[in-house]
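In: Need the 3D shape of this:
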Amino acid sequence: MSQTAVTSTGMERSIHEMLKDAPSLNESENAVHTGTPPPHVPNNLVGASQARPATMTLPLGSPTSQNSVSMSPGTPLQNGDAQTMRSAQSKIESIKNWSISTYKCTKQLMYEKLGKTSRTVDSELEAQIELLRDTQRKYCNILRLSRALASHFHHVVQTQHALGEAFSELAQKSPELQEEFLYNSETQRNLTKNGETLLGALNFFVSSVNTLCNKTIEDTLLTVRQYETARIEYDAYRTDLEALALVAKTDASSAARMEEAQSNYEQHKQNFEKLRSDVSIKLKFLDENRIKVMHKQLLLFHNAVSAYFSGNQTALEATLKQFNIKVKSPNSSLPSWLEQ
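Out: All right, here's what the predicted structure looks like:
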């Protein structure tokens, strides 16, 4: 055999060996390979390595590794968890303090009713508060009756207006009684006009008394209720401090509890004294405002009612001008949204 033939035969064997070692063409297109296994690896392991290609390890400095998310101790997620935990702990602490305070106040009220403990009493201030509540009850009764009067009178004015229109219509259709129907119609129209004027004064009176009862006085009573709650809390923590003071004489380990009770007592004492001062000031200003408002409203009520029932139309209109009251007919239609 010639040298050329030997060389070609060796090349053919080398090509066959390379094809034998190459990966199969039937493998998945998504597979990533790092190369052929070394020649000393058995055939069964070669198949396994072809079915599961080797994983590519990326260096730390590569762009892919920089995009990965690492959970370090300072990540925003963990910071949010810490904030949520602190918020939950704060709410739990608030509920705990509220529960303790509610228990102490309930216990204080029960002991007061049973006569087992004392309560702080400001006789002068409590007398003023009781007088204010009695005044509100009486003014609310005036408000209820005034509303009833205005409602009834509104129906009277409507009836007079309808009666005047009926008289006027019959005057046109009854020539034999035309004069009688006409002067009765005119009388009812005059009564309707004056009634609408008086109704405006009554409605203004009702509105002012309603504001006084349900807004001005009620605002002061809201402060009074806050003061009464603060008084119960103050007495509850005062009683608690007195009880701990008795225990501290025989038990030296209660010093920490004694200090906490003293701090709570001082805090509630300041709140109680502040609200007591606020109530005294509000009662003073309320009394001055009540006298001023009712003086004006009672004068309006008296002058309007007297002028109407005496038939003095001029005095009735002058009364409404004095108090800047605009009269609106109960039979007029409501203004459109363009007029409002």
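In: Which positions within the one helix or strand A315 maps to qualify as buried?
Out: Per DSSP states H and E, A315 falls inside helix 313-322. By neighbour count with 16 or more other C-beta atoms under 10 Å, helix 313-322 contains the buried residues L316, T319, L320. No exception for glycine: its C-beta is placed from N, CA and C like everyone else's.
In: go on, stretch 207-223?
Out: Here stretch 207-223 shows S208, V209, L212, C213, T216, I217, T220, L221 as buried, counting by 16+ other C-beta under 10 Å.
In: Spatially central residue for this protein, please.
Out: By C-alpha atoms, centre = their mean, the mean C-alpha position of the chain lies nearest to L222, the distance being 16.7 Å.
In: Need the per-residue pLDDT for that one.
Out: What the model reports as pLDDT for L222 is 96.
In: again, but for the one 10 residues further on
Out: The model reports I232 with a pLDDT of 91.
In: residues in contact with it?
Out: Under the criterion of C-beta atoms under 8 Å, 6 or more residues apart in numbering, the neighbours of I232 are C105, Q108, L109.
In: So for the helix or strand it falls within, what gets flagged as buried?
Out: I232 is part of helix 217-248, with elements assigned from DSSP H and E. Applying a neighbour-count criterion of 16+ other C-beta under 10 Å, one finds 217, 220-221, 224, 227, 230-241, 244 buried in helix 217-248.
In: Next, the angle from the helix or strand where T84 lies to helix 217-248.
Out: Element membership for T84, per DSSP H and E: helix 76-114. Here the directions of helix 76-114 and helix 217-248 differ by 90 degrees (axes from the mean of the first three to the mean of the last three C-alpha atoms, to 10 degrees).
In: Report the next helix or strand after helix 76-114 in sequence order.
Out: helix 123-173.
In: now the next helix or strand after that next one, how far from the centre of its chain.
Out: As assigned by DSSP H and E, the chain's next helix or strand after helix 123-173 is helix 178-211. Relative to its chain's centre, helix 178-211 lies at 43 Å (C-alpha atoms, centre = their mean, to the nearest Å).
In: how about low-confidence regions in this protein?
Out: Scanning the chain for pLDDT under 70 picks out 1-80, 252-253, 328-340.
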